[in-house]
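In: Task: produce atomic coordinates for the following.
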Amino acid sequence: MTLEEKIGQLNLPTSGDITTGQANSSNIAKKIEEGKVGGLFNIKSVQKIKEVQKIAVERSRLKIPLLFGMDVIHGYETTFPIPLGLSCTWDMNLIKRSAQIAAHEASADGINWTFSPMVDISRDPRWGRISEGSGEDPYLGSQIAKAMVSGYQGDDLMKNNTILSCVKHFALYGAPEAGRDYNTVDMSKIRMYNDYLPPYKAAVDAGTASVMASFNEIDGIPATGNKWLLTDLLRKDWGFKGFVVTDYTGINEMTDHGMGDLQTVSALALNAGVEMDMVGEGFLTTLQKSLAEGKVTIAQIDRAVTLILNAKYDLGLFHDPYKYCDTNRAKTEIFTSAHRNEARKIAAESLVLLKNEGQLLPLKKSGTIALIGPLAEAKENMAGTWSVATKQENSISLFNGMKSVVSNSAKILYAKGSNLDYDAAYEERATMFGKTLHRDQRTNEQLLAEALQIANQSDVIVAALGESAEMSGESSSRTNLEIPKAQKDLLQQLIKTGKPVVLVLFDGRPLVITEENKAVPAILNVWFPGSEAGYAIADVLFGDVNPSGKLSATFPRSVGQVPIYYAAKNTGRPLGNKQGNFEKFRSNYLDERNEPLFPFGFGLSYTAFKYSNLRLSANTMKSNDKLQAFVDVTNTGNFDGKEVVQLYIRDLVGSVTRPIKELKGFKKISLKKGETQTVSFEITVEDLKFYNSDLQFVAEPGRFQLFIGTNSDTTDKIEFDLVN
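Out: Sure thing, here's the model as predicted:
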């Protein structure tokens, strides 16, 4: 390979405006023919991809096939709940299956590389991209990371229905100061190792083919140019064998970080351990000069090229560059009825019942139901953020889903009631990428009058309120986590009718719904459930599916509590009560309670579960022993249901301060009405290990508390000792 051809393999431009029939005349075609492109992203459809691949393998000198990447984040055309919603299923088989279907459909349309999963831990719901991850907990996040990588890549990348995964954003992207996207991240190494790095490592251990560098800095050096992060930690310590790609213009952006001009930061990135440059073309335009000036070495370039070529070889592209270009697959294996049925079931599992006073839910399939709110007939928003392959016109709105599920058994009346927000400019910012809410030009009074008219004709009101899809996601940070005021005012008026109100809450993050929780008897948090949203929500509302979702991120009472998470540490002056009473010279607020509105792991069911007889196989264990924990769980309600049984451990005394509780196991079980099941967990020394102040992964002898219950707030505990 010539030097130009080697550097070309490290270049990942976007496809730009290529359409079928234009590839040959596009600027990108010339670069491909000259061997200056290693892959493309954001190109959709097997016809376009085949046309572009043909240029690479038939007209370039070396005939090296291209990688084709896309943000296949939570499904392809069949779209699943946003990742935060998916995580609330706590079901690794379902999560893995969602990735398998996504890979199957994307590969049928020519894609062989996805920029997923995003495994960033986030404990700050102001950050919009919390919607794209799996919440606040490193243990749960690690299990999901493994499931997603396995789902995308399968057991054989040579198969034509598996694709490369790309774990992102390495690292710590989910902890920006002030919750503002792309902002500075600054944390201690001990917090980094214990709380934020585990999901990335789990993904690497699961065999992810690629890793994406994050935008933020780490110890003062941007991740894209951070050799400690990308070489010492990722490759030397963790043994990563794949390739590292930047995020969109990540190299160029190091200039604004203050790291130097494009040539300087491009050399910094290569020296740090970056193999592929997304969009910025810093490698393409500066590496030859840097090589001549001794700022990079040919060995570094050769290593990077080798890793890119290895990935193409592993995919079987050298054997058959058109293996992902089967037009028959594209016609028959995308957005199939079978995939949609699975998406509907998975979406229903992701919904979290937050309140159900007086057993208002499930609704009866009879009488008259008023469906009111700007999210009720909003199919373009149902897939949520980062659903770039979704055909929004195919998504099922809540209105259509409810009509389908009740058929002729009940009457569904609909009114919009209000716009998303009083401010039209804000609504425009919050409904980008075609996710319009079709802003109603009637006055606020006219919209409300119509809503109250149908509300007064109904037996029950379903209020579909919350965020639009693009109010969360990338570059969608918020300082106010409440429902927009236009919708809050609408809800207040609906409550005044005296009719029972069910709040169906759409969101891409934990919201502050303290007022709503006091005011309405039932709240079903639905996130953005995907292309089959309306069906899945209706399935739960009418009791065809008993809700079993559990929160993977804490819901605060106030934005002033943020960042808030269950695995906090005690201070030297912890608050001595849980009644919200203020205590001077204790760690608390003058104007707010300490505890959240809804804790991590929380989620109700239409039935009830009783935990009893928590016990251990022994009260001591050695480092080479295994301890068994048991608890009896009984379905004491009137419905069959599913429960996520959660195990937490507290290390009571350590060489460094330890969290008051850490998730160390969970099992999702099904129980018939009246059934009791004994649930067991195995505890090993690995579950007791943590990184100490020397960053050694150790388990220290001493006393531990073990909790098993329905959420992180459980107090049912038992103690044991780890002995030498």
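In: Confirm for me that residue 385 is in contact with residue 131.
Out: Yes - here residue 385 reaches residue 131: they are 5.6 Å apart, a contact under Cβ atoms under 8 Å. The C-beta positions use only the backbone N, C-alpha and C, and glycine is treated the same way.
In: Can you check which residues contact both of the two?
Out: 82, 472-473, 508, 528 (Cβ atoms under 8 Å, 6 or more residues apart in numbering).
In: Let's see if you can find the most crowded of these.
Out: When neighbours are taken as other Cβ atoms under 10 Å, the top entry among the shared contacts of residue 385 and residue 131 is residue 528 (33 neighbours).
In: per-domain residue ranges of this structure.
Out: Using automatic domain parsing, the domain parsing of the chain gives 342-541, 609-723.
In: need the strands for the stretch 101-250 of the chain, in chain order.
Out: 113-114, 166-170, 210-213, 217-218, 221-222, 243-245 (DSSP state E, counting those that start in this stretch).
In: now the stretch 601-724 of the chain
Out: For the stretch 601-724 of the chain, applying DSSP E, counting those that start in this stretch gives strands covering 609-616, 620-622, 627-635, 641-651, 662-671, 676-683, 690-691, 697-698, 702-709, 717-723.
In: Identify each buried residue in the last one, please.
Out: Think strand 717-723. Neighbour counts using 16 or more other Cβ atoms under 10 Å place 717, 720, 722 of strand 717-723 among the buried residues.
In: Adding distance to residue 103, write those residues out as CSV.
Out: Formatted as CSV, these follow (distance: Cβ to Cβ, whole Å):
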residue, distance to residue 103
717, 42
720, 42
722, 41
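In: Dump the strands of the stretch 101-250 of the chain into JSON lines; add mean pLDDT, mean neighbour count and distance to residue 457 as well.
Out: Below are the strands of the stretch 101-250 of the chain laid out as JSON lines (pLDDT from 0 to 100; neighbours: other Cβ atoms under 10 Å; distance: least, Cβ to Cβ, whole Å):
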{"stretch": "strand 113-114", "mean pLDDT": "98", "mean neighbour count": "26", "distance to residue 457": "48"}
{"stretch": "strand 166-170", "mean pLDDT": "98", "mean neighbour count": "27", "distance to residue 457": "49"}
{"stretch": "strand 210-213", "mean pLDDT": "99", "mean neighbour count": "26", "distance to residue 457": "52"}
{"stretch": "strand 217-218", "mean pLDDT": "98", "mean neighbour count": "21", "distance to residue 457": "58"}
{"stretch": "strand 221-222", "mean pLDDT": "98", "mean neighbour count": "21", "distance to residue 457": "59"}
{"stretch": "strand 243-245", "mean pLDDT": "99", "mean neighbour count": "27", "distance to residue 457": "56"}
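In: Any idea which of the ones you listed gets closest to residue 485?
Out: strand 166-170 (33.1 Å; Cβ to Cβ).
In: for the closest one, packing partners?
Out: helix 198-205, strand 210-213 (3 or more Cβ pairs under 8 Å, 6 or more residues apart in numbering; DSSP states H and E).
In: any idea of the angle the longest one forms with strand 166-170?
Out: If you take axes from the mean of the first three to the mean of the last three Cα atoms, to 10 degrees, helix 198-205 sits at 150 degrees to strand 166-170.
In: what bits of the stretch 51-200 of the chain have low per-residue confidence?
Out: Counting by pLDDT under 70, the stretch 51-200 of the chain contains no low-confidence range.
In: Quick one: the helices in it, in order.
Out: 83-87, 92-108, 138-153, 189-191, 198-205 (DSSP state H, counting those that start in this stretch).
In: and of those helices, who's closest to residue 402?
Out: helix 83-87 (19.2 Å).
In: residues touching the residue positioned nearest the centre of the chain, list them.
Out: Geometric centre of the chain, nearest residue: residue 133, 2.5 Å, by Cα atoms, centre = their mean. Listed by Cβ under 8 Å, 6+ apart, the contact set of residue 133 reads 83-84, 87, 118-122, 141, 174.
In: export the residues you listed to a markdown table and tack on distance to residue 396?
Out: Formatted as a markdown table, the contacts of residue 133 follow (distance: Cβ to Cβ, whole Å):
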| residue | distance to residue 396 |
| --- | --- |
| 83 | 20 |
| 84 | 20 |
| 87 | 22 |
| 118 | 25 |
| 119 | 29 |
| 120 | 30 |
| 121 | 32 |
| 122 | 29 |
| 141 | 29 |
| 174 | 31 |
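In: Dump the residues you listed into a markdown table; add neighbour count as well.
Out: Shown next, in a markdown table, are the contacts of residue 133 (neighbours: other Cβ atoms under 10 Å):
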| residue | neighbour count |
| --- | --- |
| 83 | 31 |
| 84 | 29 |
| 87 | 27 |
| 118 | 26 |
| 119 | 33 |
| 120 | 26 |
| 121 | 27 |
| 122 | 30 |
| 141 | 29 |
| 174 | 27 |
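In: quick check, nearest of these to residue 522?
Out: Distances from residue 522 to those, taken by Cβ to Cβ, are shortest for residue 84, at 21.6 Å.
In: quick one: the closest one from residue 331, how far?
Out: 33 Å (Cβ to Cβ, to the nearest Å).
In: Format the helices and strands packed on strand 166-170 as a markdown table; extra columns: distance to residue 13.
Out: Formatted as a markdown table, the helices and strands packed on strand 166-170 follow (distance: least, Cβ to Cβ, whole Å):
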| stretch | distance to residue 13 |
| --- | --- |
| helix 198-205 | 26 |
| strand 210-213 | 16 |
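In: out of the ones you listed, nearest to residue 114?
Out: Across those, closest to residue 114 is strand 210-213 (Cβ to Cβ), at 9.5 Å.
In: Can you spell out which helices and strands pack onto that closest one?
Out: So strand 210-213, by 3+ Cβ pairs under 8 Å, 6+ apart, packs with strand 166-170, strand 243-245.
In: can you list contacts of the helix or strand that the shortest one is followed by?
Out: Remark: after strand 243-245, the chain's next helix or strand is helix 250-257, criterion DSSP states H and E. Contacts to helix 250-257, defined as Cβ under 8 Å, 6+ apart, come from residues 213, 215, 217, 222-225, 260-262, 265-266, 268-269, 274, 277-278, 280, 282-283.
In: avg pLDDT for the helix or strand containing residue 490?
Out: Per DSSP H and E, residue 490 falls inside helix 485-496. Helix 485-496 shows a mean pLDDT of 98.
In: okay, it in CSV with CA atoms only?
Out: Taking C-alpha atoms only, helix 485-496 is exported to CSV below (Å, rounded to 0.1, in the frame of the first residue of the first chain):
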residue,chain,number,x,y,z
LYS,A,485,-46.2,24.8,31.6
ALA,A,486,-48.7,24.6,28.9
GLN,A,487,-49.2,21.0,29.7
LYS,A,488,-49.2,21.5,33.4
ASP,A,489,-51.9,24.1,33.0
LEU,A,490,-53.9,21.6,30.9
LEU,A,491,-53.5,18.9,33.5
GLN,A,492,-54.7,21.1,36.3
GLN,A,493,-57.9,21.9,34.3
LEU,A,494,-58.5,18.2,33.6
ILE,A,495,-58.2,17.4,37.3
LYS,A,496,-60.8,20.1,38.1
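In: going on from it, what's the next piece of helix or strand?
Out: In N-to-C order, the element after helix 485-496 by DSSP H and E is strand 501-506.
In: For that next one, which outside residues touch it?
Out: In contact with strand 501-506 (Cβ under 8 Å, 6+ apart) are residues 354, 360-361, 363, 373, 375, 381, 398, 460-468, 483, 491, 494-495, 511, 513, 516, 520-528, 537, 541.
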